[in-house]
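Undergrad: Sequence and computational prediction follow.
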Amino acid sequence: LHAKAHHFDVGIYFEANGHGTVLFSEKMRECLSKLDENEPLRLFSNLINQAVGDAISDMFAVLCVLAYRGMTIDEWSSLYTDFPSLTTKLEVPDRSLIRTTPDERRIVSPEALQKRIDEYMNNLGLEVGRTFVRPSGTEDVVRIYAESHDTKHVEQIEMSIRGIVSKHFEPSEGDLKRKREENDHGDQADLKKAKVEA
């Protein structure tokens, strides 16, 4: 998301894990520098920590916007409904086999896996419900995110998506047969080598 935010004069992004910030392009910073030093937008831009996007400066920025708009924290909070959600991890043989869109909300490869996830969610028929699967950046696992209007459905979605992803990574009969043949071939080569050395 950080790289995408650089494509705009003002790029704003926040991630579920707490990362995020507001980025101003060089062109925008130049425009802001021409404003009166007490202009609210110029002051606001100086408050943002573009380098690391720390939560303290982000919260000060939110408070400034609320004060400027004459809104209370309760009014701001009422703009968003937080649904129950769950993020879990699932060990997989190779997380790099899953590639996602830049916002990590859809799998682009393997396409069949995203198709199965979409089919499941469509068949579920919930008014509120979504799920994402993405590879971890630090462990050989995939992260599964599930969200719905109640905890029961969140757990149901997570468990079902876990099953879909696990099944996708299960070796097929053909894979198992190839592995057995490779092992048999290796065993025969070792036997021949042992006979030659004897």
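TA: Received the coordinates, thanks.

Undergrad: hang on, residue 153 in a helix?
TA: Yes. Assessed by DSSP: H, G, I helix; E, B strand; the rest coil, residue 153 belongs to a helix.

Undergrad: List the contacts of it.
TA: 124, 126, 129 (C-beta atoms under 8 Å, 6 or more residues apart in numbering). Heads up, the C-betas are built off the backbone N, CA and C, glycines and all.

Undergrad: ok, now residue 82?
TA: Listed by C-beta under 8 Å, 6+ apart, the contact set of residue 82 is empty.

Undergrad: if I've got this straight, it is in a helix?
TA: No. Counting by three-state DSSP, residue 82 is not part of a helix but coil.

Undergrad: oh, and call the first residue 31 from now on, that's how I've got it
TA: Yes, from this point I'll number from 31; that puts the last item at residue 112.

Undergrad: Next, count neighbours for residue 142.
TA: By other C-beta atoms under 10 Å, the residues close to residue 142 number 10.

Undergrad: For residue 169, see how far away the nearest residue in space to it that is not next to it in sequence is.
TA: Nearest-residue entry for residue 142: residue 198, 7.5 Å, with adjacent residues in sequence omitted and distances by C-beta to C-beta, 6 or more residues apart in numbering. Separation of residue 198 from residue 169 (C-beta to C-beta, to the nearest Å) stands at 18 Å.

Undergrad: what's the answer for residue 135, then?
TA: Residue 135 is 20 Å from residue 169, where distance means C-beta to C-beta.

Undergrad: sec struct for the most centrally placed residue in the chain, please.
TA: By C-alpha atoms, centre = their mean, the mean C-alpha position of the chain lies nearest to residue 134, the distance being 4.0 Å. Three-state call for residue 134 (three-state DSSP): coil.

Undergrad: residue contacts, it?
TA: 162, 164.

Undergrad: what's the answer for residue 156, then?
TA: 178-179, 183.

Undergrad: ok, now residue 197?
TA: When the contact criterion is C-beta under 8 Å, 6+ apart, residue 197 has no partners at all.

Undergrad: which of the contacts of residue 156 lies closest to residue 94?
TA: Nearest to residue 94 among those is residue 179, at 33.0 Å by C-beta to C-beta.

Undergrad: Identify the residue spatially nearest to residue 80, adjacent ones excluded.
TA: Excluding its sequence neighbours, the residue lying closest to residue 80 (C-beta to C-beta, 6+ apart) is residue 53, at 5.4 Å.
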